[in-house]
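[1] Turn this into a structure:
(chains A and B)
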Amino acid sequence: DAGVIQSPRHEVTEMGQEVTLRCKPISGHNSLFWYRQTMMRGLELLIYFNNNVPIDDSGMPEDRFSAKMPNASFSTLKIQPSEPRDSAVYFCASSQFGDRVYNEQFFGPGTRLTVL
Amino acid sequence: GQSLEQPSEVTAVEGAIVQINCTYQTSGFYGLSWYQQHDGGAPTFLSYNALDGLEETGRFSSFLSRSDSYGYLLLQELQMKDSASYFCAVRTGGGNKLTFGTGTQLKVEL
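    Numbering: from 1, shown residues only, chains lettered A, B, ... in the order given. A predicted model of the protein is given here:
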């Protein structure tokens, strides 16, 4: 299996521009998570989906952030307009949903976003 | 809400044993997980404890005490490649959602 795939791996943009990050989860996984990692705030959960449905978006910082999962093999995280404080590494992770049983999350390589 | 505390940095010598502690406060608790992250890399799963006690996987072991809201990761026979950040994370409901701690940077020296 190719693992979780994220694109782009690096993104440099200017303040005010729209940024779209993409994620392909591991085939067969039905839970998908978007995280943001910075030195100051650590690893923060932004939103997660079960069976393509957003379950918890309480970590989404503000209305500038939106996430979609149109099908089981693709998700996007969009920032519009972007700001310098959005600079971070964004990780996507996937797992097989388990209610009583915990199934580990598999992380993608991340997208390093720099907003100038 | 949830809060987790772990030391920010630990230094140890190659071949030694090191313990990384994690205390947590949560509203609801299902289990404690540990992830490893090398510089520039992605977090990778190490362990998960739902019940009290010690779980061993090779050189790594993880312990949980639910009554004390406390857990630790034990790394034995340290190797240089173990230099990384280690995160504890709590699972507070069904599904696999985790809340991560701030991480402990482990430096292994010769």
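
[2] ok, B:Thr92 - contacts?
    Neighbouring residues of B:Thr92 by Cβ atoms under 8 Å, 6 or more residues apart in numbering or on different chains: B:2, B:26-30, B:99. C-beta here means a position set from N, CA and C on the backbone, and glycine is covered the same way.

[3] cool, B:Val90 as well?
    B:2, B:4, B:24, B:26, B:29-33, B:98-99.

[4] so it sits in a strand?
    Yes - counting by DSSP: H, G, I helix; E, B strand; the rest coil, B:Val90 is found in a strand.

[5] Out of the contacts of B:Thr92, which end up buried?
    Neighbour-count burial (16 or more other Cβ atoms under 10 Å in any protein chain shown) applied to these gives B:2, B:26, B:29-30, B:99.

[6] which residues of chain A score low on pLDDT?
    A:1, A:99-100 (pLDDT under 70).

[7] what about the strands in it?
    When secondary structure is read from DSSP state E, chain A shows strands at A:5-7, A:10-13, A:19-24, A:31-38, A:42-50, A:53-56, A:65-71, A:74-79, A:88-95, A:106-107, A:111-115.

[8] follow-up on the earlier one: name the nearest of the contacts of B:Thr92 relative to A:Ala93.
    Proximity of the contacts of B:Thr92 to A:Ala93 (Cβ to Cβ) peaks at B:Thr99, which lies at 13.5 Å.

[9] ok, what's across the strand from the closest one?
    Using DSSP bridges, the bridge partners assigned to B:Thr99 are B:Val90.

[10] if I pick it, what's in contact with it?
    Neighbouring residues of B:Thr99 by Cβ under 8 Å, 6+ apart: A:45, B:2, B:4, B:26, B:89-90, B:92.

[11] give me the number of residues near the residue nearest to A:Gly108 when sequence neighbours are not counted?
    Take A:Gly108 and drop its neighbours on the chain: the residue closest to it by Cβ to Cβ, 6 or more residues apart in numbering or on different chains is A:Val4, 3.5 Å away. Neighbour count of A:Val4, defined by other Cβ atoms under 10 Å in any protein chain shown: 24.

[12] Now do the contacts for A:Val4.
    By Cβ under 8 Å, 6+ apart, the residues touching A:Val4 are A:23-26, A:92-94, A:106-109.

[13] what residues are up against residue 52?
    Since no chain was named, I'll use chain A. By Cβ under 8 Å, 6+ apart, the contact set of A:Asn52 is A:69-72.

[14] my bad, chain B
    Residues counted as contacts of B:Asp52 (Cβ under 8 Å, 6+ apart) are B:64-67.

[15] Contacts only, for B:Gly93.
    For B:Gly93, the contact set (Cβ under 8 Å, 6+ apart) comprises B:28, B:30.

[16] Pop out the phi and psi values for it.
    With angles defined as degrees, to the nearest 10, B:Gly93 sits at phi -170, psi 180.
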